[in-house]
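Novice: Coordinates only, no sequence provided:
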DNA sequence: GGGCGGCGATACCGCAGCGGTATCACCGTA
DNA sequence: TACGGTGATACCGCTGCGGTATCGCCGCCC
């Protein structure tokens, strides 16, 4: 299964084998065996590389999910072994107020356990949660997806544009997405995809919040962020509400079906504090 | 992993080994090896059997999830290989009208594919969906859980009590749950749990809807069911609204993160038909 | 109290199956 | 036509899994 995902990602037996630390022939055999077992052709072998069939597409997706589930099972079990305590992931430099309210509400509840806070780079919280490295995470829909997770909505807000102080649009009282789309000399920032890679484009690659603020201040890019991010803004960045940006919902998310008493307490605190 | 789940369920190495079709010693070794790999004790071995540690509890749950994910990956891939078409699971004898509306809406949409209907015994739809045997299922919250699934709410309704025609409560205009709780000589029916087993109790084990109706008519049990089930009632069964029963929501559920175009069409049809 | 039965752990063995090297068959290109 | 690069095949060696036999431990019951 790991083998198939590697081949499907590389679309090349040789490279996939190298990535897996093995030789190419046993990999070919393993894939052929998998295809026999499933009774389906997964890969179209052209003499110049490999392409995925429809069934291969499905197995790539489902296989990633399954591998993640196995890895998560191991990680969660390891953590269940050692000292009690919750690990909560949150994006560094965002939702600070929200987090404070949540943690206070939990600490005030019945028998709280220590909460270890894990501040993440952009988009990393979701990965950590799905990998079972943390018990819960603060996610931001629609930037993150809650598909396959349990979640509780905490707060919804509009978005604002962050612009360099001297920019022509910076003096406006509101802007629209279309006006921001193709600003001359001010390319849109590029955020990491779920797999950690970045889309192609002219703008800078963004890893965390403070870096983004700095790049805006330097006139290298702009940003569209939730309203609450204005609370920790540098003075040399202008803020303009964006009328037609999709609203952003902050949610507390956790692995579905958890039986942890401590996690249940955190969720209850969240529901209580944000009037679920 | 399969090994551990078997042992954790049986709480007995010998029985677990028999269930797995292998001998006991290699099973013991495999579990010990798993514990070494995870660096955690999973089982307390008493000389008279086995008990789960906290970490073992977690791994039992997570392991089931992971095994289900692997099995689902295989099943979905197998189905992706062969002829296009959706498989939709629904509880036999329930939500007939809902189903008709949904299927009509889908068939009227853009490029529909054939929909294969799989009518299930009580509680089986959820299992089939999670196992990847079907593309989507009609579930009934709170009887089913949508944890770890994507879903779209279709319809919410109250519940009614089904009582034998001559029963003292049958003439009432409404009843309350507490009044139904301990009726002398009329035990509550027992529905299967997620794993297919039944709770202990005096009432009959229920496998499907028509069986339940028959048992009520015969004065052997009563039932609390969604309002819509009155549409296919036998005349010898009395219906009384239950004031404080939790409302039941019918939802269309599917595996999260699916990329199937056909499934997306079905979901869109559902949203359109039920004003999502 | 001693023998017995049932539990999981350990010792040892045999072989299936996985991964390695060498090589082939195919195809596009120079 | 020769060459480089692809995945498939042939064959081999060894690791590791599962099997049988046995042990050590504990509770039970005559």
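Specialist: Structure's in. What do you need? Fair warning: this is a prediction, and the values are worked out from it, not measured in the lab.

Novice: Strands along the stretch 151-276 of chain A, start to end?
Specialist: Here the stretch 151-276 of chain A has its strands, by DSSP state E, counting those that start in this stretch, at A:159-164, A:223-226, A:237-241, A:248-254.

Novice: can you list these in TSV and add distance to DNA strand D?
Specialist: Placement of C-beta: from N, CA and C, glycine included. Listed next are these as TSV, based on distance: least, Cβ to the nearest atom of the strand, whole Å:
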stretch	distance to DNA strand D
strand A:159-164	44
strand A:223-226	41
strand A:237-241	48
strand A:248-254	33
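
Novice: Quick check: which of these is nearest to residue B:61?
Specialist: Of all those, it is strand A:248-254 that lies closest to residue B:61, at 13.3 Å by Cβ to Cβ.

Novice: Name the surrounding residues that touch that closest one.
Specialist: Applying Cβ atoms under 8 Å, 6 or more residues apart in numbering or on different chains, the contact partners of strand A:248-254 are A:95, A:98, A:102, A:126, A:129, A:135-144, A:146, A:149-159, A:226, A:263, A:266-267, A:270.

Novice: Would you write a ChimeraX line that selects the buried entries of the residues you listed?
Specialist: With 16 or more other Cβ atoms under 10 Å in any protein chain shown as the criterion, this ChimeraX line picks the buried residues out of the contacts of strand A:248-254:
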select /A:95,98,102,126,129,135,136,137,138,139,140,141,143,144,146,149,150,151,152,154,159,226,263,266,267,270
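
Novice: Could you list which of the contacts of strand A:248-254 belong to helices?
Specialist: A:98, A:102, A:126, A:129, A:263, A:266, A:267, A:270 (DSSP state H).

Novice: Dump those residues into JSON lines; add pLDDT as well.
Specialist: Shown next, in JSON lines, are those (pLDDT from 0 to 100):
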{"residue": "A:98", "pLDDT": "90"}
{"residue": "A:102", "pLDDT": "94"}
{"residue": "A:126", "pLDDT": "94"}
{"residue": "A:129", "pLDDT": "94"}
{"residue": "A:263", "pLDDT": "94"}
{"residue": "A:266", "pLDDT": "96"}
{"residue": "A:267", "pLDDT": "95"}
{"residue": "A:270", "pLDDT": "95"}
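
Novice: and which of those residues is nearest to residue B:193?
Specialist: residue A:263 (22.6 Å).

Novice: do you know how far the closest one is from residue B:11?
Specialist: 25 Å (Cβ to Cβ, to the nearest Å).

Novice: shouldn't residue A:118 be in contact with residue A:88?
Specialist: Yes. Counting by Cβ atoms under 8 Å, residue A:118 touches residue A:88, with 6.8 Å between them.

Novice: Can you name the residues of the stretch 1-150 of chain A sitting close to DNA strand D?
Specialist: The stretch 1-150 of chain A comes close to DNA strand D at residues A:12-14, A:24-25, A:28-29, A:31-32, A:45, A:47-50, as judged by Cβ under 7 Å from any atom of the strand.

Novice: For the top helix by length along chain A, name the packing helices and strands.
Specialist: Longest helix of chain A, by residue count under DSSP H: helix A:54-81. If you count contacts as 3 or more Cβ pairs under 8 Å, 6 or more residues apart in numbering or on different chains; DSSP states H and E, helix A:54-81 packs onto helix A:2-10, helix B:24-38, helix B:54-81.
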